[in-house]
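> 3D, please:
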Amino acid sequence: MSSETYIHHLITYGYTVLWIFLSAVVILVNKFILDFGGFHFPIALTLSHMAFCSVVATALIRLGYVKPIEMDNTMYFNNVVPIAALFSGTLWLGNAAYLYLSVSFIQMVKAQMPVTVFLTGLLLGTERYSFRYAANLVIVAIGVATASYGEIQFDLLGFTLQMGSIATESFRLVLIQLLLQARGIKLNPVTTLYYVAPACFVFLCFPFAFIEAPKLFTATNLVVPYGWIILSCVAALALNMSVFLLIGRSSALTMNIAGVVKDCLLILLSVVLYGSPVTSLQLAGYALALGGVTWYNVQKIQQTSPPAAVQAQEKGDDLENKPLVQGKN
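Predicted coordinates for the structure are as follows:
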């Protein structure tokens, strides 16, 4: 192995470790803020993320560090706004689920993502029915159902919120393919945040005004964990950048393996840090779902060899684990 090849692999592994680390930080910090930290306002937390990302992206573009793409109002409202609306729902519902479910169980439920992406693709015409894919995804669904049945602290509302987050994320991913990739729109992380984050902020203001604002502004004994919220915002922004770096240097297989490592690490950390109970039945169900997801992704890679970003999104990684909008590489 030449020195250049060695350095290339070393940098790739470094980006992979950074991505896994930042993923864990974002998820665990959000769980702490929303549950153990006593700040039970997931929409407000998500609004802070979108506001921070909007300000940073706007500053980078206005100061000339990043060049924006040309996008007229028609293209913006027809292509970007629908994706931003879905992404807002994904973030809101996904963060709200932390109020009711453990991190470990949420990671297990997220194994359901390829099933919903495939079904959404069939509905919108971006996927073709395949018995092999369907059989694999039935295995995934059975595994997730088994893990859910074995969950000691199962909460129907939390599970519904998480499934809603997965559903909106599935439609977002399919719309990215239909509205952006088909038109050759290419966005890097900064331009993505510049165009999408403000729209997400506006969409989130509506549920915030009716659901959380009355409670937040009238609370008397509420202690806002400003330090943790700032850490969460910075980590989420850094994670979005790290995904872009990793996608540019890795394969779809590397992304999937890293995703599996990340999920297992989060389950372990959830047990160690937050005392989340995990039963043997849950682990068996998750192992079954994970096997189905892995084989599904292997078949997709062998058949189509798509960009790493698409495979990472189909894996169902956390919202902050990928760019808000992914264009063609």
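> could you point out where the stretch 51-200 of the chain is predicted with low confidence?
Along the stretch 51-200 of the chain, the parts satisfying pLDDT under 70 run over 180-183.
> Go again with 80.
By pLDDT under 80, the low-scoring segments of the stretch 51-200 of the chain are 126-127, 133, 177, 179-189.
> Please enumerate the helices of it.
Secondary structure of the stretch 51-200 of the chain, counting by DSSP state H, counting those that start in this stretch: helices at 73-75, 81-97, 103-109, 113-124, 131-149, 156-175, 189-207.
> do you know which of the ones you listed lies nearest Gly275?
Ranking the helices of the stretch 51-200 of the chain by proximity to Gly275 (Cβ to Cβ) places helix 103-109 first, at 10.3 Å. C-beta here means a position set from N, CA and C on the backbone, and glycine is covered the same way.
> Can you give the contact residues for that closest one?
Residues outside helix 103-109 that contact it (Cβ atoms under 8 Å, 6 or more residues apart in numbering) are 27-28, 31, 97-98, 101, 144, 147-148, 151, 153-154, 159, 162-163, 166, 263, 266-267, 269-271, 274, 276, 278, 282, 285-286, 289.
> Over to stretch 216-231?
Residues outside stretch 216-231 that contact it (Cβ under 8 Å, 6+ apart): 29, 32-33, 37-39, 41, 44-45, 48.
> residues of it that come out buried?
Buried residues in stretch 216-231, counted by 16 or more other Cβ atoms under 10 Å: 216, 225, 228-229, 231.
> The longest helix along the chain packs against which elements?
For the chain, the longest helix by residue count, based on DSSP state H, is helix 3-31. With contacts taken as 3 or more Cβ pairs under 8 Å, 6 or more residues apart in numbering; DSSP states H and E, helix 3-31 sits against helix 103-109, helix 226-249, helix 252-274.
> quick revisit: just the buried ones among the contacts of stretch 216-231, please.
Buried members of the contacts of stretch 216-231, counted by 16+ other Cβ under 10 Å: 29, 32-33, 37, 39, 41, 44-45, 48.
> just those residues now: which is nearest Val196?
Ranked by distance to Val196 (Cβ to Cβ), these are led by Ser48 at 16.0 Å.
> chain center to the host helix or strand of that closest one: distance?
Element membership for Ser48, per DSSP states H and E: helix 42-62. Distance of helix 42-62 from its chain centroid, counting by Cα atoms, centre = their mean, to the nearest Å, is 17 Å.
> which residues are in contact with that helix?
Outside helix 42-62, the residues within contact range by Cβ under 8 Å, 6+ apart are 30, 33-34, 39, 66-68, 88, 91-92, 95-96, 98-99, 190-194, 197-198, 200-201, 204-205, 207-208, 211-212, 216, 229, 232-234, 236-237, 240, 320.
> could you check the angle helix 3-31 makes with that helix?
140 degrees (axes from the mean of the first three to the mean of the last three Cα atoms, to 10 degrees).
> returning to that earlier point: next, format the contacts of stretch 216-231 as TSV and append pLDDT and distance to Asn78.
Listed next are the contacts of stretch 216-231 as TSV, based on pLDDT from 0 to 100; distance: Cβ to Cβ, whole Å:
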residue	pLDDT	distance to Asn78
Val29	94	35
Phe32	93	39
Ile33	94	35
Gly37	86	40
Gly38	86	42
Phe39	92	36
Phe41	95	32
Ala44	95	30
Leu45	95	30
Ser48	95	28
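> Columns distance to Val140 on top of the residues you listed, output as CSV?
Converted to CSV, the contacts of stretch 216-231 look like this (distance: Cβ to Cβ, whole Å):
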residue, distance to Val140
Val29, 28
Phe32, 29
Ile33, 30
Gly37, 33
Gly38, 35
Phe39, 34
Phe41, 33
Ala44, 33
Leu45, 30
Ser48, 34
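> and of these, the nearest to Arg172?
Set against Arg172, the nearest of the contacts of stretch 216-231 by Cβ to Cβ is Leu45 (19.5 Å).
> Single out the most deeply packed of the helices of the stretch 51-200 of the chain.
The highest average neighbour count among the helices of the stretch 51-200 of the chain, using mean count of other Cβ atoms under 10 Å, belongs to helix 103-109 at a mean of 25.
> follow-up on the earlier one: do you know which of the helices of the stretch 51-200 of the chain lies nearest Trp295?
When the helices of the stretch 51-200 of the chain are compared by Cβ to Cβ, helix 131-149 sits nearest Trp295, at 5.5 Å.
> for that closest one, packing partners?
helix 103-109, helix 113-124, helix 280-304.
> one step back: can you tell me which of the helices and strands packed on helix 3-31 is packed in deepest?
Among these, the stretch with the highest mean neighbour count (mean count of other Cβ under 10 Å) is helix 103-109, at a mean of 25.
> Centre of the chain to that one, how far?
With Cα atoms, centre = their mean, you get 13 Å for helix 103-109.
> do stretch 20-36 as well
13 Å.
> again, but for stretch 113-120
Chain-centre distance of stretch 113-120: 14 Å, with Cα atoms, centre = their mean.
> Next: stretch 192-202.
Computed by Cα atoms, centre = their mean, the chain-centroid distance of stretch 192-202 equals 16 Å.
> next one: stretch 130-139
Centre-to-centre, stretch 130-139 and its host chain are 23 Å apart (Cα atoms, centre = their mean).
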